[in-house]
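Student: this is a predicted model, with the sequence first.
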Amino acid sequence: MKAVYNDLQTEKHIMVMWKNHLKHSIDYLTQVTTKEAIHLDSLAIYLDSEFYHAKMNSAYINLKSGGNLNTISSDTTRGALTG
């Protein structure tokens, strides 16, 4: 369970970083479209931003593929993981 929790924390951190990056990209591109931005040297970088979600939940995948979900005694916890 601790490994699953750590995987989720890592994924959360990555998602927050991407959210901030994409928000910054949207702000910059909005400025470009409204002609408020005068520095166009970064335009290609912001237009090329692409989100790729690499699954970092190896602990859950191993738990599930190994058929070990039933080792979790709490129905609530097991349901939260599989739901």
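Tutor: Structure's in. What do you need?
Student: quick one, phi psi at the residue sitting nearest the centre point of the chain?
Tutor: Nearest to the mean C-alpha position of the chain, counting by C-alpha atoms, centre = their mean, stands M15 at 3.1 Å. Backbone torsions of M15, given as degrees, to the nearest 10, read phi -60, psi -40.
Student: now I72
Tutor: Backbone geometry at I72, expressed as degrees, to the nearest 10, gives phi -80, psi 110.
Student: and it, what does it touch?
Tutor: By C-beta atoms under 8 Å, 6 or more residues apart in numbering, the contact list for I72 reads M1, R78, L81. All C-beta atoms are positioned from the backbone trio N, CA, C, and that covers glycine.
Student: distance of the second one from N62?
Tutor: Plainly put, R78 is 15 Å away from N62 if you go by C-beta to C-beta, to the nearest Å.
Student: now swap in the first one and tell me
Tutor: According to C-beta to C-beta, M1 and N62 sit 13 Å apart.
Student: tell me the pLDDT at the residue nearest to the centre of the chain?
Tutor: In this model, M15 is scored at 87, pLDDT.
Student: any idea which helix or strand carries N62?
Tutor: Using DSSP states H and E, N62 sits within helix 58-65.
Student: so which bits of that helix are buried?
Tutor: For helix 58-65, a neighbour-count test (16 or more other C-beta atoms under 10 Å) marks A59, Y60, L63 as buried.
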